[in-house]
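Trainee: Need coordinates for the following:
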Amino acid sequence: MVLTRASCLNPCVLIDAKELSITTIKQEPYTMTKGSGGELEGYCIDLISELSKKLGFGYKLHLVKDNRYGAMDSNGNWNGMIGEVIRGEADLAVASLTLTSVREQFVDMTTPFMQTGIGFILHKDVASEESTFSLLSPFSTDMWVGLLIAFLLTGLCIFLVGRISPTEWAEPDAEEHSFTLLHSFWYITGALTLQGAGPHPKALSGRVVSAIWWLFAVLLLACYFANFNSMLHSNNKHVSIKSFEDLANQDVIDYGTVESGSTMLFFKNSNNPVYRRIYQHMERRKSYVSSIEEGVRRAQEGNFAFIGEAVSLDLAVARYCKLTRSQEVIAMRAYTIAAPLGSPWVKNLTIAILQLSESGELTYMRDKWWASSCMGADGSHTSEALQPHNLRSLFLLLGLGLGVGLLLALLELLSKACNQAKDGKKSCCSVLTSELNRRFGSGGENAEQDTTDKSKA
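Mentor: Next comes the predicted model:
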């Protein structure tokens, strides 16, 4: 007979080193099948491996036959993994097995290897709260910032074209400039409301900029109202569900939990009126699911909230982008390992789990198997706020139009400068510089002031 103290740093119970029969249940990421060979992997598999190294035992894994965690029926018989441990079919049950007072009466349980609580997950569209600023919802924040920048750049471009183009402002010394900076912004604002705000540009350059902005405004308004209408007629009703009380007070979506699990028993035995209503609803609608995987799948389909243990729900949220977990977590509980009553392994397993926790190994395994790998949205269509990249071509069209308009205005002024230079026998560059100084320098501003004073007189 071989006795082992393994590698425990604290005094351990001397026990036979033998091959243990361990029962578990398939559930991501605790126990999963790897490849086609049927080999198991996951958090619990790593935990068993580490415990085996510390305590020096061999083991043989098998999946629980009825795919249940363990609950007692009306005759006092246990099913699931707890039932196998009680009947001697397994030496240990290692899974996301919740420590409860009822289970503790029939099996011995080690110190917890993971802490959790009860929460719920649901589709983000169902959980979204209707905003006070719903008129802004068709466009994202980045989109509104992009539109503001486009508005400012277009107004500035209209102003510059009006200053540069000789067709718009032929004689800076004698004529008043019609396209002031204020009027430029007022003009493009009128285009956004599909109303004209004269005077209109006369030069080709000004008309190009104006036409591009009008086209931009029409297409932009079409996108805005189309998305706004889609949001108004969304199939999902807008309800705000942030807590279990919100869940109990609405009848828009259904909700449920795993049948005969510890979460169901919590609601069944609770004296809290809100939790009692939740249990009565699940009993009345028979909205239980057979497994966590089924609950996650129904939550992805929409109009269903799956109630379960927060640590398992966090995994679903990390895997599927369209799901969100409630911020409220109730009934803090723990996952532990079950063994038959009086089992000599419980003490050693407890010490080994504490050592793994103190060394950071449990945290490492948690980070390893709960790493976010968001697999994106499902195939269903949902109405979302438009992002700048959705209208990238529209912004590029506007930028191209503004650039072409400014270039045409400069060519118009250059043509006039060259003609004047030829008549006055001066260099084209000097005449162009003089023209720009008249239009943007103090000379142009003084000319405008003199014209205004004469008109007042």
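Trainee: Next up, phi/psi of Val107, please.
Mentor: phi -140, psi 160 (degrees, to the nearest 10).
Trainee: Thought Ile86 was touching it, still the case?
Mentor: Yes: using C-beta atoms under 8 Å, Val107 is in contact with Ile86, at 6.4 Å. (C-beta placed from N, C-alpha, C; glycine too.)
Trainee: These two - which one has more neighbours?
Mentor: Shown here are Val107 and Ile86; by other C-beta atoms under 10 Å, Val107 has more neighbours (24 against 20).
Trainee: just to revisit the earlier point, list the residues that contact both of Val107 and Ile86?
Mentor: Residues touching both Val107 and Ile86 (C-beta atoms under 8 Å, 6 or more residues apart in numbering) are Pro340.
Trainee: Between the two ends of stretch 283-297, how far is it?
Mentor: Separation of the first and last residues of stretch 283-297 by C-alpha to C-alpha, to the nearest Å is 21 Å.
Trainee: now that stretch, how far from the centre of its chain.
Mentor: 24 Å (C-alpha atoms, centre = their mean, to the nearest Å).
Trainee: residues making contact with it?
Mentor: In contact with stretch 283-297 (C-beta under 8 Å, 6+ apart) are residues 27-28, 67, 121, 254-259, 264, 281-282, 298, 304, 306-308, 312, 316, 320, 323.
Trainee: Each with direction, which strands does the helix or strand hosting Leu97 pair with?
Mentor: For Leu97, the host element (DSSP states H and E) is strand 92-98. Sheet pairing of strand 92-98 (DSSP bridges) gives strand 19-24 (parallel), strand 330-340 (antiparallel).
Trainee: in the very next helix or strand once past it, what's buried?
Mentor: Next helix or strand after strand 92-98 toward the C-terminus (DSSP H and E): helix 101-106. Buried residues in helix 101-106, counted by 16 or more other C-beta atoms under 10 Å: 103, 106.
Trainee: Which strands and helices lie in contact with helix 101-106?
Mentor: When contacts are defined as 3 or more C-beta pairs under 8 Å, 6 or more residues apart in numbering; DSSP states H and E, helix 101-106 packs onto helix 80-86.
Trainee: For the helix it packs on, which outside residues touch it?
Mentor: By C-beta under 8 Å, 6+ apart, helix 80-86 touches 23-25, 64-71, 77-78, 90-93, 95, 97, 103, 106-107, 338-340.
Trainee: among these, which ones are buried?
Mentor: Buried among those by 16+ other C-beta under 10 Å: 23-25, 64, 68-71, 78, 90-93, 95, 97, 103, 106-107, 338-340.
Trainee: phi, psi of the residue lying closest to Ala71 once chain neighbours are set aside?
Mentor: If the residues on either side of it in the chain are set aside, Ala71 comes closest to Ser260, at 4.1 Å by C-beta to C-beta, 6 or more residues apart in numbering. Backbone torsions of Ser260, given as degrees, to the nearest 10, read phi 70, psi 10.
Trainee: what about Trp214, distance to Phe106?
Mentor: Applying C-beta to C-beta, to the nearest Å, the value for Trp214 to Phe106 is 78 Å.
Trainee: now do Pro112
Mentor: 18 Å.
Trainee: Next: Lys416.
Mentor: In terms of C-beta to C-beta, Lys416 sits 99 Å off from Phe106.
Trainee: One more: Lys124?
Mentor: With C-beta to C-beta as the criterion, Lys124 and Phe106 are 41 Å apart.
Trainee: and if you look at Cys223?
Mentor: For Cys223 relative to Phe106 (C-beta to C-beta), the value is 63 Å.
Trainee: now swap in Val289 and tell me
Mentor: On the measure of C-beta to C-beta, Val289 and Phe106 end up 25 Å apart.
Trainee: With Leu136 instead?
Mentor: For Leu136, the distance to Phe106 - C-beta to C-beta - is 58 Å.
Trainee: Can you give me the buried ones in the helix ranked longest in the chain?
Mentor: For the chain, the helix with the greatest residue count under DSSP state H is helix 392-424. Neighbour counts over helix 392-424 (16+ other C-beta under 10 Å) mark 394-395, 398-399, 401-402, 405-406, 408-410, 412-414, 416-417, 421 as buried.
Trainee: hmm, back to that, now render the strands paired with strand 92-98 as TSV, adding distance to Thr350.
Mentor: Conversion of the strands paired with strand 92-98 to TSV gives the following (distance: least, C-beta to C-beta, whole Å):
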stretch	distance to Thr350
strand 19-24	16
strand 330-340	9
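Trainee: got a markdown table for those strands, with distance to Ala150 and mean pLDDT too?
Mentor: Formatted as a markdown table, those follow (distance: least, C-beta to C-beta, whole Å; pLDDT from 0 to 100):
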| stretch | distance to Ala150 | mean pLDDT |
| --- | --- | --- |
| strand 19-24 | 59 | 92 |
| strand 330-340 | 48 | 91 |
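Trainee: Run through the strands of the stretch 201-350 of the chain in chain order.
Mentor: Remark: strands assigned in the stretch 201-350 of the chain by DSSP state E, counting those that start in this stretch are 254-256, 304-309, 323-325, 330-340.
Trainee: closest one to Lys347 among those strands?
Mentor: strand 330-340 (10.1 Å; C-beta to C-beta).
Trainee: Could you check the angle that closest one makes with strand 304-309?
Mentor: Relative orientation of strand 330-340 versus strand 304-309 (axes from the mean of the first three to the mean of the last three C-alpha atoms, to 10 degrees): 60 degrees.
Trainee: Contacts for strand 330-340 next, please.
Mentor: Outside strand 330-340, the residues touching it (C-beta under 8 Å, 6+ apart) are 70, 81-82, 85-86, 88, 91-100, 103, 107-119, 244, 262, 266, 275, 309, 311, 345-346, 349, 353.
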